[in-house]
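sequence and predicted structure below; questions after.
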Amino acid sequence: MAVTFDDILAMAHDSIRAQHAFAMYAKPGQNAVTAIFQRDDKTHPVDFTQNGFIFSSFTGDRQFFIPNDASETGSVEIPESAAPPLTNPSPSFTVKEKKAFEALVKKAIAAIATGEMRKVVLSRRETVTNHTDFATVYTRLLLAYPAAFRYCWFHPQTGIWMGATPEQLLKTNGKTFNTVALAGTQQFIDTEHVLWLDKEKDEQQFVTDFIAEGLRNETTELTFSEPYTARAGNLLHIKTEINGTFANESSLEKAIEILHPTPAVCGYPKPEAQKFIRENEGYNREFYTGYLGETAKEACDLYVNLRCMKVEQNSAHLYIGCGITAASDPKREFDETVNKALTMKKVLS
């Protein structure tokens, strides 16, 4: 498929009109968009042995798959001249939203104090007016966040989603794999040399320990980098890189089942955190904190669906969350969600 960047965007519009699924994505550090446009309106079953693209919900009960052999695929460079200007949004929220989220955080802290769980990731949805065409929004996203996995997804049963996620779920090449433990958040203000609170260090360590515990019996080798500060747009996080080799009997699906959702998007222990989210968060996350990316028989490249939004006519639903531990402060946690929302607001009208 020899096409230009403008051709890709035009094909996306055509696919939406025809109600055919598609995915467009650019990998971290790459200045090219890969596109996969499904030729039919079928809903294809997920098959990790096929080349394609998967889009999975937080709970895993909704999964969609675009196989390459049922699609037109191609890759094009992103022209810098295509960049529309970014907006300069100000934090915006209602007193009701603030009070509701802070009350939820207090409830979680109380549950943690009883020993019910050690960490839970809470989120909220913020709807903002948007009059900008989705293709313009996605172009802004591509050029504003080059270090993230930047995607635009459409399926008749999901609508339009897009995002710029900093978090790898799993990347495999045969038996070898790598993943990351990413947690803790600060605003980026001129420097990446910052001090992290014990609360933020503990939050990130939960993720590292969870991955180590889950994958140790499925691997013949597992190594961890030292935690370091990593920038994602206007935010900083603590990051540990994890590499390993699967044992012979291990499978990609089993590894994903173990890892997803990690404490970075759910909590720890997982069952208790999932139960608290289900009973208290008060809305359906849908595909926020799910996962997405390339699949293939010998390799996959999957990301956690963070810094994302669902785009509808004249509006965008932003999804933002933060990790809660015993040391959390409700006001500080709400402020963190406000700062995270600016990542997506910058590319909207």
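That came through, no problem. Fair warning: this is a prediction, and the values are worked out from it, not measured in the lab.

distance of the residue nearest the centre of the chain relative to Met344?
Among the residues of the chain, the one closest to the centroid is Asn305, at 2.0 Å (C-alpha atoms, centre = their mean). With distances taken as C-beta to C-beta, to the nearest Å, Asn305 is found 12 Å from Met344. The C-beta positions use only the backbone N, C-alpha and C, and glycine is treated the same way.

overlap in contacts of these two?
Gly163 (C-beta atoms under 8 Å, 6 or more residues apart in numbering).

returning to that earlier point: my read: the residue nearest to the centre of the chain touches Arg285, true?
No. Contact between Asn305 and Arg285 fails when scored by C-beta atoms under 8 Å: they sit 9.4 Å apart.

what's the helix or strand where Leu342 lies packed up against?
Using DSSP states H and E, the element containing Leu342 is helix 330-345. In this structure, helix 330-345 packs against helix 95-113, strand 119-129, strand 176-187, strand 235-246, strand 315-324, with contacts taken as 3 or more C-beta pairs under 8 Å, 6 or more residues apart in numbering; DSSP states H and E.

show me the contacts for the closest residue to Ala183 other than its chain neighbours.
Closest residue to Ala183 apart from its sequence neighbours, by C-beta to C-beta, 6 or more residues apart in numbering: Gln204 at 4.0 Å. Shown in contact with Gln204 (C-beta under 8 Å, 6+ apart): Ala181, Leu182, Ala183, Gly184, Pro227, His237, Ile238, Lys239, Thr240.

reformat these as CSV; add pLDDT.
Below are the contacts of Gln204 laid out as CSV (pLDDT from 0 to 100):
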residue, pLDDT
Ala181, 90
Leu182, 89
Ala183, 86
Gly184, 85
Pro227, 94
His237, 91
Ile238, 94
Lys239, 94
Thr240, 95
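
can I get the residues you listed in JSON lines including neighbour count?
Conversion of these to JSON lines gives the following (neighbours: other C-beta atoms under 10 Å):
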{"residue": "Ala181", "neighbour count": "26"}
{"residue": "Leu182", "neighbour count": "26"}
{"residue": "Ala183", "neighbour count": "28"}
{"residue": "Gly184", "neighbour count": "26"}
{"residue": "Pro227", "neighbour count": "20"}
{"residue": "His237", "neighbour count": "23"}
{"residue": "Ile238", "neighbour count": "23"}
{"residue": "Lys239", "neighbour count": "23"}
{"residue": "Thr240", "neighbour count": "21"}
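
possible to save those residues as CSV with distance to Leu197?
Below are these laid out as CSV (distance: C-beta to C-beta, whole Å):
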residue, distance to Leu197
Ala181, 17
Leu182, 16
Ala183, 12
Gly184, 8
Pro227, 13
His237, 13
Ile238, 11
Lys239, 16
Thr240, 17
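
closest to Leu169 among the residues you listed?
Leu182 (10.3 Å; C-beta to C-beta).

quick one: low-confidence parts of the stretch 1-150 of the chain?
1-2, 83 (pLDDT under 70).

could I get the full set of helices for the stretch 201-349 of the chain?
252-259, 270-280, 330-345 (DSSP state H, counting those that start in this stretch).

between those, which gets nearest to Leu141?
Of the helices of the stretch 201-349 of the chain, nearest to Leu141 by C-beta to C-beta is helix 330-345, at 8.2 Å.

then the closest one to CSV, C-alphas only?
In CSV, the C-alpha atoms belonging to helix 330-345 read as follows (Å, rounded to 0.1, in the frame of the first residue of the first chain):
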residue,chain,number,x,y,z
PRO,A,330,-6.7,12.8,48.5
LYS,A,331,-6.1,16.3,47.3
ARG,A,332,-2.7,15.4,45.9
GLU,A,333,-4.2,12.4,44.1
PHE,A,334,-7.0,14.5,42.5
ASP,A,335,-4.4,17.1,41.4
GLU,A,336,-2.5,14.3,39.7
THR,A,337,-5.5,13.4,37.6
VAL,A,338,-6.0,17.0,36.7
ASN,A,339,-2.4,17.2,35.4
LYS,A,340,-2.7,13.9,33.5
ALA,A,341,-5.8,15.2,31.8
LEU,A,342,-3.8,18.0,30.2
THR,A,343,-1.9,15.5,28.1
MET,A,344,-5.0,14.8,26.0
LYS,A,345,-6.5,18.3,26.3
